[in-house]
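Colleague: With the sequence up front, the predicted model follows.
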Amino acid sequence: MRGLVMRYGRTTAVDGLDLDVGTGTITAVLGPNGAGKTTTLETCEGYRRPQQGTVRVLGLDPVRQRRDLLPRIGVMLQDGGAWSGVRALEMLRHVASLHAHPLPVELLADRLGLHECGRTPYRRLSGGQQQRLGLAMALVGRPELVFADEPTAGMDPAVRRSVWTLLEELRADGVTVVLTTHYLEEAERLADQVHIVDRGQLVASGSPLQLTRGGRVATIRLVVTRPFPPGAPESLRAALGEGVEVRQLDELSLVVSGPADASTLGRVSRWCEDNDVLPESLTLGQRSLEDVFLEITGREMRG
């Protein structure tokens with residue numbers, strides 16, 4: 001993808017976006033609501049024509065060469081994709097029948113726990129069951145590339161982890177996966193590459209380790225019980241000395257990045273005492289992807 005621009009009226013949803021996805025990898029595209037993630041995926045899938053820029057998927061133009069591309073990709077939509085009254089397994093069998101060499105429906109249904117709701121009409125499925133069916137429909141044709149928009153939304157933790165295992169198995173078999181997710185833990189565990197998009201622009205790229213390491217030795221995360229006093233980051237930075245960066249993530253949490261160790265923890269604790277700040281938690285370790293996301297976008301990820 002090079003220089004992709006997509007507008008809706010006066011709103012620019014995607015603003016000159018450049019993205020690359022490696023073959024046989026899991027790539028996560030992250031961003032706050034309205035960042036342009038779904039529009040970007042729909043353009044790659046051929047549902048939208050680029051207004052500016054170029055997009056190539058498996059070497060093909062997803063609009064002009066759509067007939068050649070469709071048999072090679074699987075698409076899991078964020079919402080919908082099945083008729084309201086169709087039964088879950090009936091829909092999956094129908095989609096399988098459209099492919100030359102589909103995966104065994106019963107095996108796929110078993111992996112994704114669809115037998116329990118196989119005779120239930122789509123409109124009566126829970127959100128998590130609809131997501132499982134959508135993923136099965138995207139995978140049943142043995143695609144080379146899978147686009148998954150919020151693949152585990154609404155799933156309980158046990159099912160979510162089974163889906164993670166399935167996606168990892170697909171990668172091991174050489175399948176490329178591009179996903180969006182509001183679960184940053186999901187991106188941190190699965191993704192080989194993470195692209196963070198905000199207001200239609202690419203603001204950060206790298207592996208989860210590259211993004212969370214950030215070239216710093218360690219981090220301290222401070223979470224408090226009531227909002228920080230005005231000027232808290234500057235005050236704490238002065239108390240800790242040179243070589244330390246302090247970023248306030250929201251009104252109740254901040255991150256100290258730099259040569260942090262046990263003595264730094266002690267100084268942060270003393271600063272809290274001197275400034276009448278009551279910590280809820282004070283932890284030393286590596287930044288999480290959530291920390292990085294909040295630092296870069298200044299906004300929480302919301303489902």
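Modeller: Noted; the coordinates are in hand.
Colleague: can you pull out the helices in the stretch 51-200 of the chain?
Modeller: Along the stretch 51-200 of the chain, counting by DSSP state H, counting those that start in this stretch, helices occupy 66-69, 88-97, 105-111, 127-139, 157-172, 184-190.
Colleague: Adding mean pLDDT and distance to L77, write those out as CSV.
Modeller: The C-beta positions use only the backbone N, C-alpha and C, and glycine is treated the same way. Listed next are the helices of the stretch 51-200 of the chain as CSV, based on pLDDT from 0 to 100; distance: least, CB to CB, whole Å:
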stretch, mean pLDDT, distance to L77
helix 66-69, 96, 16
helix 88-97, 97, 13
helix 105-111, 95, 18
helix 127-139, 95, 6
helix 157-172, 93, 16
helix 184-190, 92, 18
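Colleague: hey, which of those helices is tucked in deepest?
Modeller: Mean neighbour count (mean count of other CB atoms under 10 Å) peaks for helix 127-139 among the helices of the stretch 51-200 of the chain, with a mean of 23.
Colleague: Next, format the helices of the stretch 51-200 of the chain as TSV and append distance to C44.
Modeller: Formatted as TSV, these follow (distance: least, CB to CB, whole Å):
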stretch	distance to C44
helix 66-69	10
helix 88-97	20
helix 105-111	24
helix 127-139	14
helix 157-172	18
helix 184-190	18
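Colleague: Tell me which of those helices sits nearest to R119.
Modeller: helix 88-97 (7.1 Å; CB to CB).
Colleague: could you check the distance from the residue lying closest to G81 once chain neighbours are set aside over to R66?
Modeller: Among residues not flanking G81 along the chain, G134 sits closest, at 5.3 Å (CB to CB, 6 or more residues apart in numbering). According to CB to CB, to the nearest Å, G134 stands 20 Å off from R66.
Colleague: Grab the nearest non-local neighbour of the residue most central in space within the chain.
Modeller: Centroid-nearest residue in the chain: T181, 3.0 Å away (criterion: CA atoms, centre = their mean). Leaving aside its chain neighbours, T181 sits nearest to A187 (5.6 Å; criterion: CB to CB, 6+ apart).
Colleague: what's the one you found in contact with, if anything?
Modeller: Going by CB atoms under 8 Å, 6 or more residues apart in numbering, A187 touches A28, L30, L179, T181, V194, P208, L289.
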